[in-house]
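> Only the shape, not the letters, is given here:
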């Protein structure tokens, strides 16, 4: 990835954006499979946003420096904090944490190069629903001053972190 001029990246981004547009109108995405009804958004136990993106590198410090220098993601050891607000409730501010873990970290499986953390509004309600739906749920739980955590696995066995911040208590 090193050595790619920013002009090439910018041009690629513009081409991607233009590919999503057709005659000034958005191209409709294919409809999801109709095998199951969508999750009702008014129920508790839903995803509010991405709470974190974590990935591993054998050169963690150099990787942090590269992202800081070239993309402005300054991670001094606790992650780069990217604040955002809820669309439906702009008074609610959240943060997405971006960080690099060492390649030897066991915070997520060695076979998994990255993990996504999702912010949830009601961890217990979500875990109850996922259990009923047959989703594999890790028995481990973590309660910290900055929120509650649980982990689930997708169909490929990828570990997913669920985080209920203190501000999202039901």
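Looks like it came in fine. Model, not experiment: these values are computed from the prediction.

> pLDDT (mean, whole number) over stretch 85-99?
Here stretch 85-99 scores 84 as its mean pLDDT.

> Just the buried residues of it, please?
Neighbour counts using 16 or more other Cβ atoms under 10 Å place 94, 95, 96, 97, 98, 99 of stretch 85-99 among the buried residues. From N, CA and C alone the C-beta is placed, and that goes for glycine too.

> Quick check: strands, which of those are part of them?
94, 95, 96, 97, 98, 99 (DSSP state E).

> Take these and write them to CSV, including distance to residue 117.
What follows is those, written out as CSV (distance: Cβ to Cβ, whole Å):
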residue, distance to residue 117
94, 11
95, 11
96, 8
97, 7
98, 10
99, 10
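
> Now residue 72: phi and psi?
With angles defined as degrees, to the nearest 10, residue 72 sits at phi 80, psi 10.

> coming back round to it: between the ones in strands among the buried residues of stretch 85-99, which sits nearest residue 67?
Residue 67 lies nearest to residue 98 out of these, by Cβ to Cβ, at 8.0 Å.

> before we move on, the earlier item: mind picking the two most distant members of the buried residues of stretch 85-99?
Among those, 94 and 99 lie farthest apart (Cβ to Cβ), at 16.1 Å.
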